[in-house]
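> Sequence first, then the predicted structure:
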Amino acid sequence: AQSVTQLDSQVPVFEEAPVELRCNYSSSVSVYLFWYVQYPNQGLQLLLKYLSGSTLVKGINGFEAEFNKSQTSFHLRKPSVHISDTAEYFCAVSDKNSGGSNYKLTFGKGTLLTVNP
Amino acid sequence: GAGVSQTPSNKVTEKGKYVELRCDPISGHTALYWYRQSLGQGPEFLIYFQGTGAADDSGLPNDRFFAVRPEGSVSTLKIQRTERGDSAVYLCASGTGLAGAEQFFGPGTRLTVL
């Protein structure tokens, strides 16, 4: 079984400031890692994912995340945020070695990023 | 191309009633997932279909919940004898089923049980 902890439920920042949204996971098996974003009144959209290889992954809209196996973390970062980045961000994992093709996601509770002018 | 669609977008029902929630996945996607998102929580897995069969229904909370995907495309989540605790946003996602592949989410159905 897996679990995902997003340590901050809300993160307010000013426009053009850097931001880091924290994610830690617990799992007895190897996992794939994902960040999804949910803009107001919209569905979940994939920001980026880590499958293997380089631990720094880049996603859409200037976001990046770094996988740290020893700390079981996958923190999301952006060097300069915009008003339009205001949204809820979800970290998720799936079992790398699932039986068959079932890659169901286990999500954290989400972090609401609010970018203020 | 068209994304994942879900109908209805909103459903208000009374305690004890039966409801059906529909999901139209992206054409050609064999993997289909249902999740439930309660207020202030992340989505929680309910059931997974590979093709027509429910390959994993371990997330269904009890036997009032049932889902089908008879032709390997559209899926319907059925809830019998609804309870106030069933109120949530029900999300559907589809994908290729390949390792690490993206799941594409629909906009969800907001179910309110009065």
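Everything's here; your move. Predicted model only: the values in this text are computed from it and were never measured. Numbering: from 1, shown residues only, chains lettered A, B, ... in the order given.
> Pairing partners for the residue in chain A that chain B sits nearest to in the sheet, please.
Residue nearest to chain B within chain A (Cβ to the nearest Cβ): A:Phe107, separated by 3.2 Å. All C-beta spots, glycine's among them, are computed from the backbone N, C-alpha and C. Following DSSP bridges, A:Phe107 is listed with bridge partners A:Ala92.
> contacting residues for it?
With contact set as Cβ atoms under 8 Å, 6 or more residues apart in numbering or on different chains, A:Phe107 has these partners: A:Val4, A:Tyr36, A:Phe90, A:Cys91, A:Ala92, B:Tyr35, B:Gly42, B:Pro43, B:Glu44.
> Phi first, then psi, for A:Pro53.
Not Pro; residue A:53 is Gly. When read as degrees, to the nearest 10, the backbone of A:Gly53 gives phi 80, psi -140.
> what secondary structure does whichever residue of chain B sits closest to chain A sit in?
Evaluated by Cβ to the nearest Cβ, chain B has B:Gly42 as its residue closest to chain A, separated by 3.2 Å. For B:Gly42, the assignment made with DSSP: H, G, I helix; E, B strand; the rest coil gives coil.
> Is A:Val31 in contact with A:Ala92, as I believe?
No - with contact defined as Cβ atoms under 8 Å, A:Val31 does not count as touching A:Ala92 (9.4 Å).
> Chain B contacts on chain A?
A:4, A:6, A:32, A:36, A:42-46, A:49, A:51, A:90, A:92, A:94, A:96, A:100-110 (Cβ under 8 Å from any Cβ of the partner chain).
> Name the helix or strand for residue 66, please.
In the absence of a named chain, this looks at chain A. Here A:Glu66 sits within strand A:64-68, counting by DSSP states H and E.
> hmm, I had chain B in mind actually
Following DSSP H and E, the helix or strand that holds B:Phe66 is strand B:65-68.
> Check which helices and strands that strand sits against.
When contacts are defined as 3 or more Cβ pairs under 8 Å, 6 or more residues apart in numbering or on different chains; DSSP states H and E, strand B:65-68 packs onto strand B:44-50, strand B:75-79.
> Strand partners (parallel or antiparallel) of it?
strand B:75-79 (antiparallel).
> Could I get the buried residue list for the strand holding B:Phe66?
By neighbour count on 16 or more other Cβ atoms under 10 Å in any protein chain shown, the buried set for strand B:65-68 is B:Phe65, B:Ala67.
> and for it, what are the contacting residues?
Looking at strand B:65-68 with Cβ under 8 Å, 6+ apart, the contacting residues turn out to be B:34, B:46-47, B:49, B:54, B:57, B:60, B:75-80.
> Of those residues, which count as buried by neighbour count?
Judged by 16+ other Cβ under 10 Å, buried ones among those: B:Trp34, B:Leu46, B:Ile47, B:Phe49, B:Ala54, B:Leu60, B:Ser75, B:Leu77, B:Ile79.
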